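> Would you be able to build a 3D model of this:
(one chain, ligands or ions: 1)
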Amino acid sequence: MKKPVHLNWIELSRAALRRNVASLVKLAGGRIVAVSVKANAYGHGLAEVVTMLHECPGVGYITVHSIEEAAAARAAGWVRQIMLLGPVAHASLEAVIDLDLEPVVFDRTILKKLGRLSNRTKKRLKTHLKLETGTHRQGVTDKELPLFAEIYRQYPYLGRPYGAGMHFANIEDTTNHAYAQYQLDNFERMVKLMQQLKIKPAVRHTASSAALILFEKTRFELVRPGISLYGYWPSKETYLSYLLQGGRNNLFEPILSWKSRVTQLKQLPADSFVGYGCSFRTTSPTRLAVTPIGYYDGYDRELSNRSYVLIKGKRAPVRGRVCMNLMMTDITDIRGVRLEEEITLIGRDGSEVITAEDIADWAKTINYEVLARLSPAIPRLVV
Ligand SMILES: *Cc1c(COP(=O)(O)O)cnc(C)c1O
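As a prediction, the model looks like this:
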């Protein structure tokens, strides 16, 4: 069969994912590893990542944000545990049972309704309580805990909460971890309170990637890494803190490359404008390559006149505004570029590399957003 030729595609390295999983499992040191595949697996492609995870020893658990993501993971064949991190509409709660999910609960009316549904099915429902320790996002305060304990007592199939978790507010973006310690103290105090209320959780979990990498005491019985699975550091500060602790940078490698092709070549004289808004004007004769990538695909318009792509192992600057579906790059100094020549937007070409962090710096955002914005419509190829 002839291989399909794409003009815009994402390659995922199965071997790199395996090595990242092995690193995470080693870091977790025997604890349960629940990896995050929310946001279309951080833009990598939920179905592809879930399918690859099925083949990785040590990962029997994923976390998702929404019911829709959970349904997509089940449709892709994921039969193991799923923790649902985000909110569910009251009207959709039956899907929690149907899809066999473990919801993270932070609202009493939701917990009651789950209790009633579990009475109906007569099957134990594993729930997790999200504790409010200082992030002030989703979470149950210590004052509310007795009311939650009351609901757990009323519904036998809820039993005790299977898990209790929290999320750190300030662990990635700083090398000062005082607030993280304050939250951890709150968490331990609230778990003790749960114990007194006879709703002691079986597993405690607080560790996203940064916490897992930097703080052994955040690991408890279960860890919830996300971005590190895909090969990225949560931030420069996390990497710096890791090095200051004596760590070496061989933990993770990016599994994703984003590629396209040159679909038109043109020669412009000096003083020609390029693209919408006439924001770039050539100062000398210029050779341009047009490529079918735009902000629709997740290539931020902020990258206009600012970013680079790789062609034939060299950096070509983006000229003019990034359009909805197209953009132009300057290849004047790159010899031998042909029509349908491969372009690398994220990834390596020869000795040159453009990372999600480079794109994030140019677009004034973070690697998480660059990845999460990659359009789900781009074909994903596992290599
Ligand atoms: C996204 C998320 C994680 C994973 O965070 P990373 O920084 O990507 O490792 C963990 N826990 C919760 C609650 C999350 O929402």
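
> For the residue of the stretch 51-200 of the chain found nearest the ligand, give me its contacts.
Each residue of the stretch 51-200 of the chain has a distance to the ligand, by Cβ to the nearest ligand atom, and the smallest belongs to His167, at 4.3 Å. The C-beta positions use only the backbone N, C-alpha and C, and glycine is treated the same way. Taking Cβ atoms under 8 Å, 6 or more residues apart in numbering as the contact definition, His167 lies against 130, 135, 137-138, 206, 208.

> Which members of the residues you listed additionally contact the ligand?
Filtering the contacts of His167 for proximity to the ligand by Cβ under 6 Å from any ligand atom leaves Ser208.

> Among the contacts of His167, which ones are in strands?
If you go by DSSP state E, these have 130, 206 in strands.

> residue contacts, the residue of the stretch 151-300 of the chain found nearest the ligand?
For the stretch 151-300 of the chain, the nearest residue to the ligand under the criterion Cβ to the nearest ligand atom is Gly226, separated by 2.5 Å. Residues touching Gly226, when contacts are defined by Cβ under 8 Å, 6+ apart, comprise 35-36, 38, 42, 63, 208-209.

> How about Val33?
When contacts are taken as Cβ under 8 Å, 6+ apart, Val33 is in contact with 24-25, 58-59, 61, 222-223, 225.

> got the buried residues for the worst-scoring helix or strand of the chain on mean pLDDT?
Among the secondary structure pieces of the chain, namely its helices and strands, helix 236-244 has the lowest mean (mean pLDDT, DSSP states H and E), a mean of 93. By neighbour count with 16 or more other Cβ atoms under 10 Å, helix 236-244 contains the buried residues 237-239, 241-242.

> which stretches of this structure have low pLDDT?
Counting by pLDDT under 70, the ranges of the chain that qualify are 1-4.

> Swap in 80 and give it another go.
Applying pLDDT under 80 to the chain picks out residues 1-4, 249.

> center of the protein - which residue?
Taking Cα atoms, centre = their mean, the centroid of the chain lies closest to Tyr42, which sits 3.1 Å from it.

> Which phi and psi values does that one adopt?
Backbone geometry at Tyr42, expressed as degrees, to the nearest 10, gives phi 50, psi 40.

> thinking again about what came up before, elements contacting the least confident helix or strand of the chain?
Applying 3 or more Cβ pairs under 8 Å, 6 or more residues apart in numbering; DSSP states H and E, we find helix 236-244 packed against helix 209-214.

> so, in contact with the ligand or not, the helix it packs on?
Yes. In terms of Cβ under 6 Å from any ligand atom, part of helix 209-214 sits within range of the ligand, namely 209-210.

> Dump the C-alpha coordinates for that helix into CSV.
C-alpha atoms of helix 209-214 as CSV (Å, rounded to 0.1, in the frame of the first residue of the first chain):
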residue,chain,number,x,y,z
SER,A,209,5.0,16.3,37.6
ALA,A,210,6.9,19.0,39.4
ALA,A,211,5.9,17.7,42.9
LEU,A,212,6.8,14.1,41.9
ILE,A,213,10.2,15.1,40.5
LEU,A,214,11.2,17.5,43.3
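
> Run through who's touching it.
Contacts of helix 209-214 with the rest of the structure, by Cβ under 8 Å, 6+ apart, involve 24, 27-28, 168, 171-172, 177, 180, 218-219, 223, 225-229, 233-235, 238, 241-242, 245, 247, 251.

> chain center to that helix, what's the gap?
A distance of 15 Å separates the C-alpha centroid of helix 209-214 from that of its chain, computed with Cα atoms, centre = their mean, to the nearest Å.

> just stretch 78-96 next, same as before
Relative to the mean C-alpha coordinate of its chain, stretch 78-96 is positioned 18 Å out (Cα atoms, centre = their mean).

> Any buried residues in it, and which?
When burial is assessed from 16+ other Cβ under 10 Å, stretch 78-96 yields the following buried residues: 78, 81-85, 87-88, 93, 95-96.
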